[in-house]
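[1] Based on what follows, work out the 3D shape:
(one chain, ligands or ions: 2)
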Amino acid sequence: MNKTSIVILAAGQSTRMKSELPKVLHHLAGKPMVQYAVESAAELTSEKPLLVVGYGADEVRRVVGDHVIYVEQREQLGTGHALLQASPLLEGRSETVAVCYADMPLLSTDTLRRLVELHAENKGPITMLTVEADDPMGFGRILRDEAGQVVGIVEEAVATEEQKAIRELNCGVYCFDGHWLWPHLTQLPLSPKGEYYLTDLVAMAAAEGQAVEALKINDVTEVLGINNRSHLAQAEAVMRQRINRKWMLEGVTLLDPSLIFIEATVEIGQDTVIYPNTYLQGATAIGRQCRLGPDTIVRDSTIGDGCTIEVSVVEGAVLEEDVDVGPFSHLRKGAHLAKGVHVGNFGEVKNSYLGPGTKMGHFSYLGDATVGKEVNIGAGTITCNYDGQRKHRTIIEDGAFIGSDTMLVAPVRVGAGAKIGAGSVVTHDIPPHSVAYGVPARVRDKEE
Ligand code: UD1
Ligand code: CA
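    Numbers count the residues shown, from 1 in each chain. Ligands and ions are numbered 1, 2, ... in the order given. Model prediction:
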């Protein structure tokens with residue numbers, strides 16, 4: 001017998017999002033919203049949570065992977081019906097069944113834990129989360145009797161004017177007694193909208209004279225339910241504030257947090273300073289004492305300590321320590337800049353390694369190149385890596401000097417310490433320590 005099993009409901013079509021994408025896959029701070037509930041559940045129990053999927057089930061499976069056990073709800077007949085689909089897996093196997101909705105990503109693990117703890121003390125079959133709020137947000141209203149006991153939940157769609165005025169709301173997070181739950185779930189009445197509402201279990205328990213406990217929270221932001229794009233934007237703002245605050249408390253300076261966008265997947269080292277209009281996205285790790293922005297995007301990249309990136313876009317790149325980039329440069333997938341590399345204005349680097357101390361100051365393109373250490377890439381240098389059909393590599397060895405406006409027609413190699421004169425078109429390999437220039441470039445005895 002399991003102590004607590006967690007079921008996350010995520011099968012709804014969510015017409016209100018007006019989207020081809022299942023609602024729970026819409027992103028919040030860079031992560032699919034369903035991921036937040038899955039991660040909270042993982043923090044709470046070592047057992048995999050059950051995820052009830054239906055609308056867009058295949059897509060949800062692909063995104064969430066094997067962190068959960070899937071339960072299919074073929075027809076979306078309401079939240080009560082959704083939970084019922086889990087009965088073959090849980091009936092007779094769990095003391096407590098905790099249920100939450102996948103469209104409530106801001107709920108903290110701590111709140112969920114407190115609810116489970118309160119339920120352990122509750123002799124009755126249901127413990128639920130409620131919130132007191134000025135804006136009812138379309139939530140179900142909590143009905144209490146004169147003694148203050150919870151006796152039911154009424155959905156907004158069917159509430160009377162008097163009930164609509166109630167400010168205590170149903171958050172959609174519950175703990176149920178495993179023995180009580182399953183037989184009652186099959187007895188849910190059909191709602192006027194043709195659905196089986198999980199919320200009707202509360203009135204059933206009350207009618208039996210059983211205690212329904214409520215954990216009332218004050219922070220409405222935790223239970224923002226995402227039903228449309230406006231809710232999504234609100235939740236994004238709250239999540240962003242949380243993330244920014246966390247990093248500031250960890251020792252990162254954010255010049256104007258309202259203009260800095262850090263996704264939940266990002267790591268940042270101490271004493272890094274971030275200027276406005278900077279976006280840190282995806283699998284990104286930033287080192288210590290970096291200076292990022294303004295007007296910068298860093299996506300899926302690893303940035304070492306002491307780097308500076310100004311007004312630039314960095315994606316799929318690795319920067320070792322003390323690299324500086326920008327303004328107006330673009331590092332693309334597979335760019336690897338070793339310690340002390342300098343990429344100045346209007347540089348583009350793709351699928352290339354630049355060795356320690358190499359400098360590329362002004363409007364150049366390096367694609368599919370391997371560049372050694374202490375190389376000087378003159379202004380306007382281009383690797384001509386594409387012949388119309390295939391990509392070819394350029395190799396520039398240590399200490400080479402590439403003059404301004406050089407075209408390197410790949411595949412080609414420039415030997416260590418070689419010097420290429422300005423305006424050259426290099427079509428053949430250049431031996432180490434030689435001097436070459438012209439169109440096409442030829443090795444000369446001396447510089448003319
Ligand atoms: C629900 C509650 C409401 C509460 C609100 C809080 C019910 C009947 N109402 O309303 O009291 O205030 O949440 O956010 O429960 N789902 C399924 N299968 C279905 C229907 C829904 O898996 O057949 C899933 C959805 O994917 C979603 C969750 O259940 O994650 C809630 O469904 P939704 O339609 O958003 O319910 P609300 O109208 O928000
Ligand atoms: Ca909802």
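[2] what's the pLDDT at K31?
    At K31, the pLDDT value in this model is 96.
[3] OK, contacts around E75?
    Residues in contact with E75 (CB atoms under 8 Å, 6 or more residues apart in numbering) are 54, 81. The C-beta positions use only the backbone N, C-alpha and C, and glycine is treated the same way.
[4] Report the secondary structure element holding it.
    Assigned by DSSP states H and E, E75 belongs to neither a helix nor a strand.
[5] what's the answer for M248, then?
    With DSSP H and E as the test, M248 turns up in helix 229-249.
[6] What residues sit buried inside that helix?
    231-232, 235-236, 238-240, 243-244, 247 (16 or more other CB atoms under 10 Å).
[7] Between the residues you listed, which sits nearest L354?
    W247 (29.0 Å; CB to CB).
[8] Does the closest one touch L254 like I think?
    Yes: assessed by CB atoms under 8 Å, W247 is found in contact with L254 at 6.9 Å.
[9] Just put the buried residues of helix 229-249 in TSV and tack on distance to ligand 2.
    Formatted as TSV, the buried residues of helix 229-249 follow (distance: CB to the ion, whole Å):
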residue	distance to ligand 2
H231	9
L232	12
A235	12
E236	16
V238	16
M239	17
R240	21
I243	23
N244	26
W247	30
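[10] and which of the residues you listed is nearest to D398?
    Using CB to CB, the buried residues of helix 229-249 come closest to D398 at W247, 38.6 Å.
[11] where does the residue lying closest to the closest one once chain neighbours are set aside fall, phi/psi-wise?
    Nearest residue to W247, sequence neighbours excluded (CB to CB, 6 or more residues apart in numbering): I268, at 5.4 Å. In terms of degrees, to the nearest 10, the main-chain angles of I268 are phi -140, psi 140.
[12] Give me the pLDDT value at F328.
    Looking at F328, its pLDDT is 98.
[13] residues in contact with it?
    311-312, 345-346.
[14] Can you list the low-confidence ranges for this structure?
    446-448 (pLDDT under 70).
[15] Could you show which parts of it are in contact with ligand 2?
    103, 225, 227 (CB under 5 Å from the ion).
[16] hang on, isn't the last one packed against F139?
    No: look at N227 against F139 with CB under 8 Å: they stay out of range, at 10.1 Å.
[17] of the two, who's got more company?
    Neighbour tally, N227 and F139, criterion other CB atoms under 10 Å: the higher count belongs to F139, 20 against 17.
[18] show me what contacts the more buried one?
    So, once contact is read as CB under 8 Å, 6+ apart, F139 ends up touching 133, 156, 169-172, 225.
[19] ditto for G306
    287-290, 321-322.
[20] just wondering, since we're on it, how far is it from ligand 1?
    Computed as CB to the nearest ligand atom, to the nearest Å, the G306 to ligand 1 distance reads 45 Å.
[21] can you tell me the helix or strand for the residue of the stretch 201-350 of the chain found nearest ligand 1?
    Minimum separation of the stretch 201-350 of the chain from ligand 1 (CB to the nearest ligand atom) falls at G225, amounting to 3.0 Å. Using DSSP H and E, G225 is not contained in any helix or strand.
[22] before we move on, back to that, which of the contacts of F139 ranks first by neighbour count?
    Most surrounded of the contacts of F139: other CB under 10 Å gives C171, at 28 neighbours.
[23] just checking, that residue touches V223?
    Yes: at 4.3 Å, C171 and V223 qualify as touching, with contact defined as CB under 8 Å.
[24] what is in contact with these two at once?
    104, 107, 129, 131, 217.
[25] Can I get those residues in a markdown table including neighbour count, distance to V435 and secondary structure?
    Formatted as a markdown table, these follow (neighbours: other CB atoms under 10 Å; distance: CB to CB, whole Å; DSSP: H, G, I helix; E, B strand; the rest coil):
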| residue | neighbour count | distance to V435 | secondary structure |
| --- | --- | --- | --- |
| M104 | 22 | 68 | coil |
| L107 | 24 | 68 | coil |
| L129 | 25 | 76 | strand |
| V131 | 22 | 76 | strand |
| I217 | 20 | 75 | strand |
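[26] Cheers, nothing more for now.
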